[in-house]
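Asks: Using only what follows, build the 3D model:
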Amino acid sequence: MVLAVIRGDWWLLSAIFIFRLAVIALPATILLTDPDSYLTLAKQFAVSGTYGFADANGVVQATAFRPPLYPAAIALVIKLFGQPSVMAIGILHSLLATCSAGFLLLIGRRLAVPHIALIVIAFSLDPLLVRQSQLLMTETLATTVALISWWLCIRVYDVLEASHSQGRKNDSLWIVALIAGMSFGIATLTRPTAIVWLGLILMTLLATTFLTGAIFTSMRAERGARVQAIAAMLIGSMTVIAPWMIRNQLEIGKPIWATTHGGYTLLLANNPILYDHLASGSLSRDWDEDRFHDLWANRDAMDPMSKEFWHQEVSAKQNLATDSNGLSTESRSNPDMQSEEGNRNKTGGKLHREIVEDQLAQKVAIATIKERPVIAAWSCVTRLGWLWTPIPNPRPDSASKWIVCVWYLGLYGLALMGAYKLGPTNKSFPWFVGWLLVLSVTMVHAVYWSNMRMRAPALPMLYLLAGWALPYIWLATLKRRASLKP
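Replies: Now for the predicted structure:
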């Protein structure tokens, strides 16, 4: 099926590849900044074979601060091309974008979405996805893997339905479900929120298997086959995630399945400075983020659990250089960054610095939430607005943001109309997987840090829904033109 799409739509996919490569290579913005240290990790990984940051002595210390798949992909590019050039990484991002388009075609045709080629073109022109493909960020890879996982979920469903209609066991079910689970494992190592999506899918399948009343309009497979599919997807996902957990246990002393970054992103979304900003009545995304970073960099000098910490004045001498990750250069360059006095694991050894700081950030965030529950609840609503806003927040201000705003307002309107026109079809399992993707992204970023780029993996669902609205709009337009004729 995949090869059929490539053969039949080579012209469309080729045009998408050329377009994406052009918008990446011509402005050459991809290597201007490395805000999340993915390139730094990739270089160290390619040269030393260790996934980590170099200390003051040039020795690479293992880290779990970022999910490993995207830096590993960049490291592979460095190995193949000899250096992380704009063209080399641009080819990688363009291939991923083309792959996304191909799997969106597959899913759209399976779901009988009208005018799917036009929808894929619009998806490939999406302002957010295009912009993120110009940067060293995970959105391009995360969106691609999400679409592959969705398509594999549909394949699992199709095999289940085929086994029911044939009245016998389908030997391919275990293999397809295992591969689908592995895809979700890969998605989790790209962006950990994917594990929430998988959890929602498996819980929904369990609910339809053991509870009375079906959620889906068509899920007829026998209970044993569904349980087999659920088990295979779990095993497949853990097959991919387990090596990362084992590595983290060996290297930093804890079997971390995601990253040591979760506490920081929770604190970034739930800290006293942001809460004060929201309490003032402002919904603006332009809060005093620099002050937060300055204060958090001073966490070794004063207890961040104290109220005084968040109201102190930080001098130039106190302020440590930090990046957007919230990890100070002192922590990275310190040869003894693996340990923190007074914090020991079960074996009696000292905890890795990253684990200690992750736990501290999570502790401060939870304390802030408990202390100000009303603002915490309001912050969830605000973050959802930041996640799904149609208006970007460029600095300095730009007239182009209004073009982007019109684009997303149009997309949202079409998606809502498409969801309405679909009606009961929305309850079919293939569509339900897409809805769960949107729900998982929304749930996670209602609590953790949120901005509009983080909705990228969920955008394909909106474009597929929009496709269902197009025939009705065109039909209404034709009727209106006919009524205007004399």
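Asks: surely residue 93 meets residue 24?
Replies: Yes: Residue 93 lies in contact with residue 24 (CB atoms under 8 Å); the separation is 5.9 Å. Placement of C-beta: from N, CA and C, glycine included.
Asks: so what sits against both of those two?
Replies: 30, 133 (CB atoms under 8 Å, 6 or more residues apart in numbering).
Asks: which non-adjacent residue is nearest residue 270?
Replies: Leaving aside its chain neighbours, residue 270 sits nearest to residue 365 (4.4 Å; criterion: CB to CB, 6 or more residues apart in numbering).
Asks: C-terminal to the strand or helix carrying the one you found, what's the next element?
Replies: For residue 365, the enclosing helix or strand under DSSP states H and E is helix 353-371. Using DSSP H and E, the helix or strand that directly follows helix 353-371 along the chain is helix 373-388.
Asks: which helices and strands does that following helix pack with?
Replies: On a contact count with 3 or more CB pairs under 8 Å, 6 or more residues apart in numbering; DSSP states H and E, helix 373-388 meets helix 272-279, helix 429-447.
Asks: For residue 78, which of those is the nearest?
Replies: Taking CB to CB, helix 429-447 is the member of the helices and strands packed on helix 373-388 nearest to residue 78, at 30.2 Å.
Asks: Using PDB, write out every CA atom in that closest one.
Replies: The C-alpha coordinates for helix 429-447 follow below in PDB (Å, rounded to 0.1, in the frame of the first residue of the first chain):
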ATOM      1  CA  PHE A 429     -12.000   3.400  15.500                       C
ATOM      2  CA  PRO A 430      -9.700   4.900  12.800                       C
ATOM      3  CA  TRP A 431     -11.200   8.400  13.400                       C
ATOM      4  CA  PHE A 432     -11.200   7.800  17.100                       C
ATOM      5  CA  VAL A 433      -7.400   7.300  17.100                       C
ATOM      6  CA  GLY A 434      -7.100  10.800  15.700                       C
ATOM      7  CA  TRP A 435      -9.400  12.300  18.300                       C
ATOM      8  CA  LEU A 436      -7.300  10.600  21.000                       C
ATOM      9  CA  LEU A 437      -4.200  12.200  19.500                       C
ATOM     10  CA  VAL A 438      -5.700  15.700  19.800                       C
ATOM     11  CA  LEU A 439      -6.900  14.900  23.300                       C
ATOM     12  CA  SER A 440      -3.500  13.600  24.500                       C
ATOM     13  CA  VAL A 441      -1.600  16.700  23.200                       C
ATOM     14  CA  THR A 442      -4.300  18.900  24.800                       C
ATOM     15  CA  MET A 443      -4.200  17.100  28.200                       C
ATOM     16  CA  VAL A 444      -0.400  17.100  28.600                       C
ATOM     17  CA  HIS A 445       0.000  20.700  27.600                       C
ATOM     18  CA  ALA A 446      -2.800  21.900  29.800                       C
ATOM     19  CA  VAL A 447      -0.500  21.000  32.700                       C
END
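Asks: quick one: contacts of that helix?
Replies: Contacts for helix 429-447 (CB under 8 Å, 6+ apart): 107, 110-111, 146, 150, 153-154, 157, 193-194, 196-197, 200-201, 204, 215-216, 218-219, 266, 269-270, 380, 383-384, 387-388, 422, 425-426, 454-455, 457-458, 460-462, 464.
Asks: ditto for stretch 75-83
Replies: Contacting residues not belonging to stretch 75-83 are listed as 41, 42, 43, 45, 46, 84, 88, 89, 91, 92 [CB under 8 Å, 6+ apart].
Asks: in it, what counts as buried?
Replies: Using 16 or more other CB atoms under 10 Å as the test for burial, stretch 75-83 gives 75, 77, 78.
Asks: helix or strand for the first one, which one?
Replies: Under DSSP H and E, the secondary-structure element containing residue 75 is helix 69-81.
Asks: separation between the residue nearest the centre of the chain and residue 402?
Replies: In the chain, the residue lying closest to the centroid (CA atoms, centre = their mean) is residue 191, at 4.7 Å. Residue 191 sits at a distance of 29 Å from residue 402 (criterion: CB to CB, to the nearest Å).
Asks: Same question for residue 116.
Replies: The gap separating residue 116 from residue 402 is 29 Å, by CB to CB.
Asks: Give me the more crowded residue out of those two.
Replies: Neighbours per residue (other CB atoms under 10 Å) separate residue 116 from residue 402, with residue 116 holding more: 22 against 12.
Asks: on that earlier part again, if we ignore the residues flanking it in sequence, what's nearest the residue nearest to the centre of the chain?
Replies: The shortest distance from residue 191 to any residue other than its chain neighbours is 4.5 Å, reached at residue 142 (CB to CB, 6+ apart).
Asks: That neighbour contacts residue 189, correct?
Replies: No: at 10.4 Å, residue 142 does not count as touching residue 189 under the criterion of CB under 8 Å.
Asks: Next, the angle from the strand or helix carrying residue 267 to helix 272-279.
Replies: Assigned by DSSP H and E, residue 267 belongs to helix 262-269. Put simply, helix 262-269 runs at 40 degrees to helix 272-279, going by axes from the mean of the first three to the mean of the last three CA atoms, to 10 degrees.
Asks: Give me the angle between helix 262-269 and helix 353-371.
Replies: Angle of helix 262-269 versus helix 353-371, following the same axes, to 10 degrees, is 40 degrees.
Asks: Show me what helix 262-269 is packed against.
Replies: The contact analysis (3+ CB pairs under 8 Å, 6+ apart) places helix 262-269 against helix 353-371.
Asks: Tally up the residues packed near residue 59, please.
Replies: The burial count for residue 59: 12, using other CB under 10 Å.
Asks: Can you pull the phi/psi pair for it?
Replies: Backbone torsions of residue 59, given as degrees, to the nearest 10, read phi -90, psi 130.
Asks: Ok, residue 63 next?
Replies: Backbone torsions of residue 63, given as degrees, to the nearest 10, read phi -140, psi 160.
Asks: which residues does the closest residue to it other than its chain neighbours bridge with?
Replies: Nearest residue to residue 63, sequence neighbours excluded (CB to CB, 6+ apart): residue 52, at 4.4 Å. Beta-bridge pairing for residue 52 (DSSP bridges): residue 62.
Asks: Quick one: residues contacting residue 52.
Replies: 41, 44, 45, 60, 61, 62, 63.
Asks: Likewise for residue 197?
Replies: If you count contacts by CB under 8 Å, 6+ apart, residue 197 has them with 146, 149, 184, 187, 436, 437, 440, 441.
Asks: Just flag the most distant two among these.
Replies: Using CB to CB, the two most remote members of the contacts of residue 197 are 184 and 441, lying 14.3 Å apart.
Asks: how much space between the closest residue to residue 389 other than its chain neighbours and residue 10?
Replies: What sits nearest to residue 389 in space, not counting adjacent residues and going by CB to CB, 6+ apart, is residue 452, at 5.8 Å. Distance, residue 452 to residue 10, using CB to CB: 33 Å.
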